[in-house]
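*Asks:* need a structure here:
(one chain, ligands or ions: 2)
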Amino acid sequence: MKRSSVAITACKTYDRQELYAAIGKAFEAAGLTDVSDKRILLKPNILSDAVPEKNITTHPEVLRAVIRYLVSKGAASILVGDSPGIQGSFFVPKNSKIAEVCEQEHVPWIDFAKDPVFTVIPFTFGRRLPLPKILDSVDLIISVAKMKTHQLMYMTGSVKNLFGMVPGLHKSPCHMMYPTREAFARLIAGLYVAVKPSFAILDAVVSMEGAGPASGLPHHTGLIMASSDCTALDVAQSIVMGYDPMTIPITKELHERRLTAWRKPTDIEYPLLHANDLIIEDYQRIKIQRKTRMLSALIGPVFTKFIKLRHQRKEPKPIFDRTLCIGCNRCVKICPGKALVLDEQHKIVVDYRSCIRCYCCHEVCPAHAITIEQKESE
Ligand code: SF4
Ligand code: SF4
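*Replies:* Ligands and ions are numbered 1, 2, ... in the order given. Just a heads-up that it's a prediction; the model follows:
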């Protein structure tokens, strides 16, 4: 069996020349397959389409460097797509400058919400989710992810980035159906199998720490990482962030289902820099919470309400600051628990009895009016 390897190289800034050199080096060392005459879909992490300086999205210059590298290697056509949670059809990522890069590099932006194909997702008891029609007509899918903390899943990287394949507001009901971390990790593992990404590249030049994936702080990590094994790249990312890789629910789920080419994280090879030499001890991580009971995780899709009520007592609460709330309604729109309303003053009101602690509200709030309760790990 081919051994998993992760190529990690230094890249201190988003300067174009530095990025081209780093990305080319990472692609070569990670052993990108022959892309000549291939039709390739790139999936950046756009989340809430914020400006690049907010550090929420894959940096547009990283995307540009990836496009140019693939063109130089003879790719027949390149397409770029994503579908942020709050967006509907006809979304174009202007703020993040992803649309600008697509236009300048003459690659089409793909609207994932247009004519999606309902597809059975493995490990979900036959549940069907809409996935982009384009998946059936591309030769390779490359996850172009961003290194960030994530309130629910502790970190988001190459595999979690695939959740953006599910169009817009189709995503939030998934949290209701798979309300625990373990159940949600099972859904993401199923998506990983359904989507079959061929390669991943990680923007870790400036990463996000603290209250990720949308309200955290920048951390200059100065790295580009690449792998033909997204699960191995997630392991490397978690090590650099200071986590034990097997405490990351998605990695654990993929490993337990034998969907990883590696048997132990130590089996992964590093042809350039080694993840163990890059551990950032003071990275502001999301605290690992106690695992939801096995029975709860397994029966989640069937007894959602029962799980929700048990689950909510253990997990940190989202806290709403009404003085910062600008009444935009985004959190109300995305909340799968229907726990939020705006009052007559256009300020947010929460009913914690209906809150399943999915933190979708926290991801979409543009006013930093939502924080997550700090709880010690258990
Ligand atoms: S209030 Fe926030 S954390 Fe609670 S269910 Fe709604 S979106 Fe999820
Ligand atoms: S997303 Fe933030 S600003 Fe908008 S209504 Fe909710 S709490 Fe208020």
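*Asks:* could I get the pLDDT score of the residue nearest the centre of the chain?
*Replies:* Computing the C-alpha centroid of the chain and ranking residues by Cα atoms, centre = their mean puts Asn161 first, at 3.0 Å. In this model, Asn161 is scored at 97, pLDDT.
*Asks:* what about it, which SS state?
*Replies:* helix (DSSP: H, G, I helix; E, B strand; the rest coil).
*Asks:* could you check how far Val350 is from ligand 2?
*Replies:* 9 Å (Cβ to the nearest ligand atom, to the nearest Å). In short, each C-beta sits where N, CA and C put it, glycine included.
*Asks:* oh, that last question was meant for Pro265, not what I typed.
*Replies:* Counting by Cβ to the nearest ligand atom, the gap from Pro265 to ligand 2 is 37 Å.
*Asks:* and what of Leu259?
*Replies:* In terms of Cβ to the nearest ligand atom, Leu259 sits 35 Å off from ligand 2.
*Asks:* Gly190 is in contact with that residue, correct?
*Replies:* No - if you go by Cβ atoms under 8 Å, Leu259 and Gly190 don't touch, sitting 9.9 Å apart.
*Asks:* what about those two, which has more around it?
*Replies:* Remark: of Leu259 and Gly190, Gly190 carries more neighbours, 22 against 16, as counted by other Cβ atoms under 10 Å.
*Asks:* how about the more buried one, phi and psi?
*Replies:* With angles defined as degrees, to the nearest 10, Gly190 sits at phi -60, psi -40.
*Asks:* just checking, it touches Thr124?
*Replies:* Yes - between Gly190 and Thr124 there is a contact at 5.2 Å, judged by Cβ under 8 Å.
*Asks:* mind listing the shared neighbours of those two?
*Replies:* When contacts are counted by Cβ atoms under 8 Å, 6 or more residues apart in numbering, the set common to Gly190 and Thr124 is empty.
*Asks:* which regions of the stretch 201-350 of the chain lie under the pLDDT threshold?
*Replies:* Residue ranges of the stretch 201-350 of the chain with pLDDT under 70: 292-313.
*Asks:* strands along that one, start to end?
*Replies:* According to DSSP state E, counting those that start in this stretch, the stretch 201-350 of the chain carries its strands in the segments 217-227, 318-320, 340-342, 348-350.
*Asks:* so which elements touch the first one?
*Replies:* Using 3 or more Cβ pairs under 8 Å, 6 or more residues apart in numbering; DSSP states H and E as the contact criterion, the elements in contact with strand 217-227 are strand 7-10, helix 16-30, strand 140-150, strand 199-209, helix 230-240.
*Asks:* for ligand 1, which of the ones you listed is the nearest?
*Replies:* Minimum separation from ligand 1 across the helices and strands packed on strand 217-227 (Cβ to the nearest ligand atom) falls at strand 140-150, 13.3 Å.
*Asks:* what is the mean pLDDT for that closest one?
*Replies:* For strand 140-150, the mean confidence score works out to 98.
*Asks:* could you do stretch 18-28 as well?
*Replies:* The model assigns stretch 18-28 a mean pLDDT of 98.
*Asks:* do the same with stretch 43-55
*Replies:* In this model, stretch 43-55 carries a mean pLDDT of 93.
*Asks:* show me which positions of that stretch end up buried.
*Replies:* Lys43, Pro44, Asn45, Ile46, Leu47, Ser48, Asp49, Ala50, Pro52, Lys54, Asn55 (16 or more other Cβ atoms under 10 Å).
*Asks:* those: which two are farthest apart?
*Replies:* Taking Cβ to Cβ, the two most distant members of the buried residues of stretch 43-55 are Lys43 and Lys54; they sit 19.7 Å apart.
*Asks:* quick check: residues of this protein near ligand 2?
*Replies:* Residues of the chain lying near ligand 2 by Cβ under 6 Å from any ligand atom: 320, 325-331, 348, 364-365, 367, 369-370.
*Asks:* would you map the helices across this structure?
*Replies:* Using DSSP state H, the helices of the chain run over 16-30, 60-72, 98-104, 172-177, 181-195, 230-240, 249-256, 294-299, 304-312, 330-334, 360-364.
*Asks:* the fifth one near ligand 1 at all?
*Replies:* No - against ligand 1, helix 181-195 shows no contacts by Cβ under 6 Å from any ligand atom, the least distance being 12.0 Å.
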